[in-house]
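Visitor: I need the structure of the sequence given here:
(2 chains)
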Amino acid sequence: AQKVTQAQTEISVVEKEDVTLDCVYETRDTTYYLFWYKQPPSGELVFLIRRNSFDEQNEISGRYSWNFQKSTSSFNFTITASQVVDSAVYFCALSEATGANNLFFGTGTRLTVIP
Amino acid sequence: DAGVTQSPTHLIKTRGQQVTLRCSPKSGHDTVSWYQQALGQGPQFIFQYYEEEERQRGNFPDRFSGHQFPNYSSELNVNALLLGDSALYLCASSYPPGQGLPTYEQYFGPGTRLTVT
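Guide: Predicted coordinates for the structure are as follows:
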């Protein structure tokens, strides 16, 4: 069975600090996808990134970077030089590579960036 | 290019009543999934519809049912509402399977916030 754990319930940082959101997953599938979504107060889930299980290259997109380590079943997300607009709930999710591709979400990490 | 739309935005119902939520998928998508997000929790998969049929279902009781129309829009119906059904209901759309398109990319709508009193 798939499971995603986000141990950090809430994090507060001061603007311009770096912050890392942790994600640990469990799955018996050998091929799967990992995702990060952002949920601002409006409620809509905003897609940030998808990684394939066979691609462990780290990725950087502007101030965002992701570290995927299959050996530790982790897919961590770092925001560099945080901004107030980064304040939101961030969800890590896992989906199987076949079938309905339904997403299994973690419980989310609420990030508050203090000006 | 319209994204995923959902209606209504908010809804208040009484225990025991029935409710219908609606979703229109993103242009080009014909697969619709529904998720329930309780307060402080991550979204949980309810079911997915493709070609007007329920393709996969999560761990939800039969009180939760759905429908997909020929234009790919979808409805989520919940019967005999319980207080615990209060949640944000999210609809996500994706490409159809078997066409070499990225079916794993799901686009979410803004959600319908259901309050059961």
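Visitor: so what's residue 43 closest to, chain neighbours aside?
Guide: Here I'm looking at chain A. Nearest residue to residue A:43 in three dimensions, chain neighbours excluded: residue B:111, at 4.7 Å (Cβ to Cβ, 6 or more residues apart in numbering or on different chains). C-beta: built from backbone N, CA, C; applies to glycine.
Visitor: the chain in question should be chain B.
Guide: For residue B:43, the closest residue by Cβ to Cβ, 6+ apart turns out to be residue B:35, at 3.8 Å.
Visitor: residues contacting the one you found?
Guide: A:103, B:43-46, B:89-92 (Cβ atoms under 8 Å, 6 or more residues apart in numbering or on different chains).
Visitor: which of the helices or strands spans it?
Guide: strand B:31-37 (DSSP states H and E).
Visitor: across the sheet, point out what pairs with residue 12.
Guide: In the absence of a named chain, this looks at chain A. Here residue A:12 shows beta-bridge partners residue A:112, assigned using DSSP bridges.
Visitor: not quite, I wanted chain B
Guide: As assigned using DSSP bridges, the partners bridged with residue B:12 are residue B:115.
Visitor: would you mind listing what in chain B touches chain A?
Guide: B:33, B:35, B:40-45, B:48, B:55-56, B:58, B:88, B:90, B:92, B:94, B:103-111, B:113 (Cβ under 8 Å from any Cβ of the partner chain).
Visitor: mark which of those residues are buried, thanks.
Guide: By neighbour count, with 16 or more other Cβ atoms under 10 Å in any protein chain shown, the residues of chain B next to chain A hold B:33, B:35, B:42-45, B:48, B:55, B:58, B:88, B:90, B:92, B:94, B:103-111, B:113 as buried.
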